[in-house]
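**Student:** mind looking at a prediction? Sequence and model below.
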Amino acid sequence: MSEYERTDRRVPWKEANPEAYAELKRTWGVIGHSSVLMVLCLSLIGTSLTLGYLHWPGWLETSARLGASGAAVGCGTVGLWRLVRALFRSGRAVVRTRRRGAGGEAQGETVEKSVPEAATTAGSS
């Protein structure tokens with residue numbers, strides 16, 4: 001009988017599924033980083049639009065606008081790609097965890113059952 005069964009306490013999901021929990025935690029970090037890239041993208045778009053109000057020579061204004069627009073597209077693309085990839089990985093980790101849980105025991109229960117066996121083996125030496 002496991003410790004959780006003796007105390008009538010349920011196994012927390014994050015303890016029973018450490019891989020999926022770690023993936024979800026990484027996803028939150030990537031979401032934060034992607035949000036920063038998206039804000040930078042919007043800032044660069046605003047910079048590109050604002051450059052039209054400055055009285056610079058035509059070639060300089062065009063170069064600055066193209067540079068800011070290119071950087072905005074790059075930041076937006078990278079941010080969106082990282083966000084979609086992180087969400088896909090998290091979804092895959094959760095589905096994998098559910099399949100593993102439906103196919104047999106939760107990972108936390110397996111670890112708890114193997115610990116007493118290892119203690120018995122170590123004690124007999």
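**Tutor:** Looks like it arrived, so ask away.
**Student:** okay, helices next: where are they in this protein?
**Tutor:** 3-6, 13-16, 18-50, 58-103, 107-124 (DSSP state H).
**Student:** dump these into JSON lines; add mean pLDDT as well.
**Tutor:** Shown next, in JSON lines, are those (pLDDT from 0 to 100):
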{"stretch": "helix 3-6", "mean pLDDT": "56"}
{"stretch": "helix 13-16", "mean pLDDT": "81"}
{"stretch": "helix 18-50", "mean pLDDT": "87"}
{"stretch": "helix 58-103", "mean pLDDT": "87"}
{"stretch": "helix 107-124", "mean pLDDT": "49"}
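**Student:** in a markdown table, list those helices along with mean neighbour count.
**Tutor:** In short, each C-beta sits where N, CA and C put it, glycine included. Below are the helices of the chain laid out as a markdown table (neighbours: other CB atoms under 10 Å):
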| stretch | mean neighbour count |
| --- | --- |
| helix 3-6 | 12 |
| helix 13-16 | 15 |
| helix 18-50 | 15 |
| helix 58-103 | 14 |
| helix 107-124 | 12 |
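**Student:** what residues are up against the closest residue in space to L42 that isn't next to it in sequence?
**Tutor:** Among residues not flanking L42 along the chain, A72 sits closest, at 7.7 Å (CB to CB, 6 or more residues apart in numbering). A72 makes contact with C41, L42, L44, I45, S48 under the criterion CB atoms under 8 Å, 6 or more residues apart in numbering.
**Student:** apply 7 Å and report the result again.
**Tutor:** By CB atoms under 7 Å, 6 or more residues apart in numbering, A72 lies in contact with C41, L44, I45, S48.
**Student:** ok, it to A93 distance?
**Tutor:** Separation of A72 from A93 (CB to CB, to the nearest Å): 32 Å.
**Student:** got it, and A71?
**Tutor:** 33 Å.
**Student:** L87 too?
**Tutor:** 11 Å.
**Student:** what of E15?
**Tutor:** Taken as CB to CB, the span from E15 to A93 is 15 Å.
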